[in-house]
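S.K.: fold the following and give me the result.
(one chain, ligands or ions: 1)
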Amino acid sequence: MDKMHIIVTGANGQVGKELRDLADGIGDAEFTFLSREDLPIENFELVRTVLQFRKPDVVINCAAYTAVDNAESFRDLAFLINGEAVGVMAAVCSELGSRFIHISTDYVFDGTSHIPYRETDPTSPVNTYGASKLEGEEQALRFNSDSIILRTSWVYSAYGKNFVKTMVKLMGERKELNVVDDQFGSPTYAADLANALYRIARSKHAPGGIYHFSNGGVISWYQFAQTIAQIIAADCVVHPVPSSSYPTPARRPAYSVMNTDRIREVFGLEIHPWRKSLEKCIKKISTSA
Ligand SMILES: NC(=O)c1ccc[n+]([C@@H]2O[C@H](COP(=O)([O-])OP(=O)(O)OC[C@H]3O[C@@H](n4cnc5c(N)ncnc54)[C@H](OP(=O)(O)O)[C@@H]3O)[C@@H](O)[C@H]2O)c1
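M.R.: From the prediction side, this is the model:
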C-alpha cells in the first residue's frame with residue numbers, strides 16, 4: 001500500500017518543528033515540510049499549484065499570524081493569513097479530496113465562563129488575533145465541511161519563542177519576576193499537539209468539525225511560572241500580579257480552559273497532565289541548549 005502523504009505548512013514554527021521530530025520516527029507516512037519561504041500561504045496561486053501538483057492525502061496547516069499584540073495594528077494581514085488563506089487551502093483540499101487539518105485557538109472565546117468551553121459554545125473573541133482565527137475556522141468549514149479544526153491553548157515547546165523558554169531564560173538572569181495571576185488556561189506542549197495531529201491525520205473517516213485539545217489541568221500564568229522555577233530549581237522568586245499592571249495592546253480572555261471530551265472520544269486520544277509534559281519539554285530544552 002502507498003504511504004500516506006502529509007504536507008505541513010508553516011513548518012518552521014513550534015508545532016511544525018515538533019511534527020518534524022515526530023516524522024523522524026515514523027515509517028508509514030511521507031511528510032513534506034513547507035516553511036513560509038517555501039509556501040507563503042497568502043500566495044493563493046502558489047498554494048493551489050503546489051497542492052494540485054503534490055496531491056497530498058492530508059494537509060496540516062501550522063502557518064499562522066501568531067503575534068497577538070501586533071495583530072491589533074495589522075488587522076488586514078492577520079485576517080489575510082489566519083482567515084482568507086485558510087479558506088483557500090480548505091477549498092483546494094476539498095477539490096482534491098485531501099483532508100484539511102487546521103489549528104485554531106482558545107482565543108475565539110471571551111473568557112467570561114467559569115467552566116471549560118465545549119466546541120459548541122458561542123464564540124466571541126476579545127482581540128483581533130482571536131477574531132482572525134475565528135474567521136479561518138468559519139472559512140475552512142464553509143469551503144470544506146470535512147475540515148478538522150483543532151483548537152488549542154498556551155502552546156510551548158523547545159523551539160521558537162514561548163512562555164516556558166522566556167521564563168527559563170529570565171529566571172537565569174533575575175532574582176525576582178512578576179507574572180500575571182488572573183488569566184487561567186491549560187498549557188499545551190507542542191510535542192503532544194503534534195502527536196494529536198498525526199493521530200487525526202491517520203483517522204480517515206473521523207467526522208470533520210471542531211475539536212479541543214490541550215494538556216490536562218487549569219492554572220494561571222503565575223502558577224505556570226512558579227512550577228517552571230521549581231523544576232529548574234531557579235534562584236528566583238515569582239510574584240503574582242494582576243493583568244492590569246501589564247497593559248498590552250490586545251486584551252486576553254481571563255479564562256480559556258477547553259473541554260477535551262470530544263477529541264478523546266472520537267480519536268481515543270489520551271490527554272497528558274500539564275506538569276508531566278512541562279517536565280519533558282524542560283528536559284528537551286536543557287539537553288538542546
Ligand atoms: N502559540 C500559542 O500559544 C497558540 C495558542 C493557540 C493556538 N495556536 C495556534 O497554533 C498554530 C501553530 O502555532 P505556533 O505556536 O507553532 O506558531 P509559530 O511558532 O508562530 O509558527 C507559525 C509559523 O507560521 C509561519 N507563517 C507566518 N505567516 C506565514 C505565511 N503567510 N505563510 C506561511 N507561513 C507563515 C511562521 O513563519 P516565520 O517563522 O517566518 O514567522 C511560523 O513558522 C497556529 O495556528 C496558532 O494560531 C498557538
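S.K.: can you list the buried residues in the helix or strand that E138 is a member of?
M.R.: Counting by DSSP states H and E, the element that carries E138 is helix 128-143. Residues of helix 128-143 classed as buried: 128-137, 139-141, 143 (neighbour count, 16 or more other Cβ atoms under 10 Å). No exception for glycine: its C-beta is placed from N, CA and C like everyone else's.
S.K.: from the ligand, how far out is the closest residue in space to R275 that isn't next to it in sequence?
M.R.: Spatial nearest neighbour of R275, excluding adjacent residues (Cβ to Cβ, 6 or more residues apart in numbering): T227 at 6.3 Å. Distance, T227 to the ligand, by Cβ to the nearest ligand atom, to the nearest Å: 17 Å.
S.K.: for A91, same thing?
M.R.: For A91, the distance to the ligand - Cβ to the nearest ligand atom - is 17 Å.
S.K.: host element of that residue?
M.R.: Taking DSSP H and E as the definition, A91 sits inside helix 85-96.
S.K.: quick one: that helix to helix 128-143, angle?
M.R.: 20 degrees (axes from the mean of the first three to the mean of the last three Cα atoms, to 10 degrees).
S.K.: helix 85-96 packs against which elements?
M.R.: Applying 3 or more Cβ pairs under 8 Å, 6 or more residues apart in numbering; DSSP states H and E, one finds that helix 85-96 contacts helix 44-54, strand 58-61, strand 99-105, helix 128-143.
S.K.: same list, these, but as CSV with mean pLDDT and distance to Y189 please.
M.R.: Shown next, in CSV, are the helices and strands packed on helix 85-96 (pLDDT from 0 to 100; distance: least, Cβ to Cβ, whole Å):
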stretch, mean pLDDT, distance to Y189
helix 44-54, 98, 29
strand 58-61, 98, 17
strand 99-105, 98, 14
helix 128-143, 98, 20
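S.K.: out of these, nearest to V155?
M.R.: With Cβ to Cβ as the criterion, V155 lies closest to strand 99-105 of the helices and strands packed on helix 85-96, at 8.7 Å.
S.K.: and that closest one, which strands flank it?
M.R.: Paired strands of strand 99-105, with direction, are strand 58-61 (parallel), strand 148-152 (parallel) (DSSP bridges).
S.K.: on that earlier part again, which residues does the helix holding E138 contact?
M.R.: If you take Cβ atoms under 8 Å, 6 or more residues apart in numbering as the criterion, helix 128-143 is touched by 64-68, 71-72, 75, 78-79, 81-91, 94, 100, 102, 104-105, 107-109, 123, 125, 147, 149, 208-210, 250, 253.
S.K.: just the buried ones from these?
M.R.: Buried subset of those (neighbour count, 16+ other Cβ under 10 Å): 64-66, 68, 71-72, 78-79, 81-91, 94, 100, 102, 104-105, 107-109, 123, 125, 147, 149, 208-210, 250, 253.
S.K.: any idea which of the strands paired with strand 99-105 is most buried?
M.R.: Among the strands paired with strand 99-105, ranked by average contacts under mean count of other Cβ atoms under 10 Å, first place goes to strand 58-61 (a mean of 26).
S.K.: next one: that one, is it in contact with the ligand?
M.R.: No - with Cβ under 6 Å from any ligand atom as the criterion, the ligand is not reached by strand 58-61; the gap is at least 7.2 Å.
S.K.: got it, and stretch 14-29?
M.R.: Yes - Stretch 14-29 comes into contact with the ligand (Cβ under 6 Å from any ligand atom), by way of 14-15.
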